[in-house]
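Asks: After the sequence you'll find the predicted model.
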There are 2 protein chains.
Amino acid sequence: MSKALERRAKLREDLILAAERSISAGGLAALKTRELAREIGCANGAVYNLVADVDELILLVGSRTLARLDAVLTEAESTGPASPAETLVRIAVAYCDFAAENLELWRALFEHRMTPGKPVPEWAVSDQMNLFRHIFAPLASLLPARSEAELGVTARSLFSAVHGMVLLGLEQKLIAVPIEALRREIAIIVRAMITGLT
Amino acid sequence: MSKALERRAKLREDLILAAERSISAGGLAALKTRELAREIGCANGAVYNLVADVDELILLVGSRTLARLDAVLTEAESTGPASPAETLVRIAVAYCDFAAENLELWRALFEHRMTPGKPVPEWAVSDQMNLFRHIFAPLASLLPARSEAELGVTARSLFSAVHGMVLLGLEQKLIAVPIEALRREIAIIVRAMITGLT
């Protein structure tokens, strides 16, 4: 790699990390490319030599968040009884913990909207879809008669239901719940859904 | 009522309806009090003789949305078999339909955040909590051994799980699902949760 390319790669990494710190501290609303440029020591306009636009920058931060979530879910899978039902419960509780510990970065995954008319790039979609394998695999053991398409639908439903509980549970608004109570309740509801589905 | 008070009441109603139309068309982000003032024919500053602030205005619109949702859920309760499990399924599907048909107004209920440091007023909290009776009553029939507090927790969990499915299902992003498939899937998951819980 040439010196210039190396320097650009380094600056790009700095930019993504600065954006991650900014979102982590103040959410998507706090993200200002001008401040990021100052922080990494480049001109305002130069930011757009490093990333195509703010959407791409936010998706790159999201990619890092998803990679950490992936590691946390993988860890949860192997820490405890191998039964698929209990694995799904652990994954759900680990998802809750991850959201609580990475609140703004996790919210940004869902709150970010692309500039109207621009599709989410393929790599970002597959980063997201890749995580469904954590739900899909134990579900396939529990429901061996179902087709892959049917399992896909059920995996999405299960994820969406748990996501809703985490979202409203962590929201300090309509339904504020202590985290321990939330974890317990998620485990109860996931077990109930699995019992009802099998 | 004096003429001046009558006029103020009329203008306040106009303001709330204009805000409702604006949120319905473009979401919370599109709400501009300056445009609302022009629309109802009053000076910019005069808006704050009608409502305390934008938070109050958004909550007043939310109150109207919740009243319509309340009517839809009441209707769903009485339209079909009286069994508590099937009543819960109909309520969940009606919630999904209401969200789909009132997308921006429904989103505004959840996306609105008070100005930091300001609590949600009592009347707005009780408007929200009041709706839980639709879930609470059939759940109490299904789980007669549970205490009121336990039923409250389960009602919130059930609501949050359905809310998550509706939220991600209607989102044209991570998990886009045709509405008919979403309604079917919500019915399946609610039945599964109820079977698992009882």
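Replies: Perfect, I can see it now. Numbers count the residues shown, from 1 in each chain, chains lettered A, B, ... in the order given.

Asks: give the contact list for residue A:115.
Replies: Residues near residue A:115 by C-beta atoms under 8 Å, 6 or more residues apart in numbering or on different chains: A:53, A:55. To be clear about C-beta, it is placed using only N, CA and C from the backbone, and glycine gets the same treatment.

Asks: Near chain B, which residues of chain A are found?
Replies: A:110, A:113, A:120, A:128, A:153, A:156-165, A:167-169, A:171, A:173-175, A:177, A:181, A:185-186, A:188-189, A:191-197 (C-beta under 8 Å from any C-beta of the partner chain).

Asks: show me the residues around the closest residue to chain B within chain A that make contact.
Replies: Using C-beta to the nearest C-beta, the closest approach of chain A to chain B is made by residue A:164 at 1.9 Å. Contacts for residue A:164 (C-beta under 8 Å, 6+ apart) come out as B:160-165, B:167-168.

Asks: try residue A:142
Replies: With C-beta under 8 Å, 6+ apart, residue A:142 has these contacts: A:84-85, A:88, A:194, A:197-198.

Asks: what does residue A:72 give?
Replies: Counted by C-beta under 8 Å, 6+ apart, residue A:72 has contacts A:94, A:97-98.

Asks: so where do the helices sit in chain A?
Replies: Shown for chain A, the helices assigned by DSSP state H span residues A:3-26, A:33-40, A:47-50, A:54-78, A:84-101, A:103-111, A:122-130, A:133-142, A:148-170, A:179-197.

Asks: mean confidence score for the fourth one?
Replies: Within the predicted structure, the mean pLDDT of helix A:54-78 is 97.

Asks: Give me the buried positions along that helix.
Replies: A:54-62, A:65-66, A:69, A:72-73, A:76-77 (16 or more other C-beta atoms under 10 Å in any protein chain shown).

Asks: out of the helices of chain A, nearest to residue B:31?
Replies: helix A:103-111 (17.5 Å; C-beta to C-beta).

Asks: From the contact counts, what lies against the closest one?
Replies: helix A:3-26, helix A:54-78 (3 or more C-beta pairs under 8 Å, 6 or more residues apart in numbering or on different chains; DSSP states H and E).

Asks: Report the angle between the shortest one and helix A:33-40.
Replies: I take that to be helix A:3-26. Inter-element angle recorded for helix A:3-26 and helix A:33-40: 120 degrees (by axes from the mean of the first three to the mean of the last three C-alpha atoms, to 10 degrees).

Asks: pLDDT (mean, whole number) over helix A:3-26?
Replies: 95.

Asks: Distance check, residue A:16 against residue A:122.
Replies: Distance of residue A:16 to residue A:122, given as C-beta to C-beta, to the nearest Å: 19 Å.

Asks: Who has more neighbours out of those two?
Replies: residue A:16 (21 against 8; other C-beta atoms under 10 Å in any protein chain shown).

Asks: residues contacting the nearest residue to residue A:165 once chain neighbours are set aside?
Replies: Excluding the flanking residues, the one nearest residue A:165 by C-beta to C-beta, 6 or more residues apart in numbering or on different chains is residue B:160, at 4.3 Å. Residues in contact with residue B:160, defined by C-beta under 8 Å, 6+ apart, are A:164-165, A:167-169, A:175.

Asks: This completes my enquiry, with thanks.
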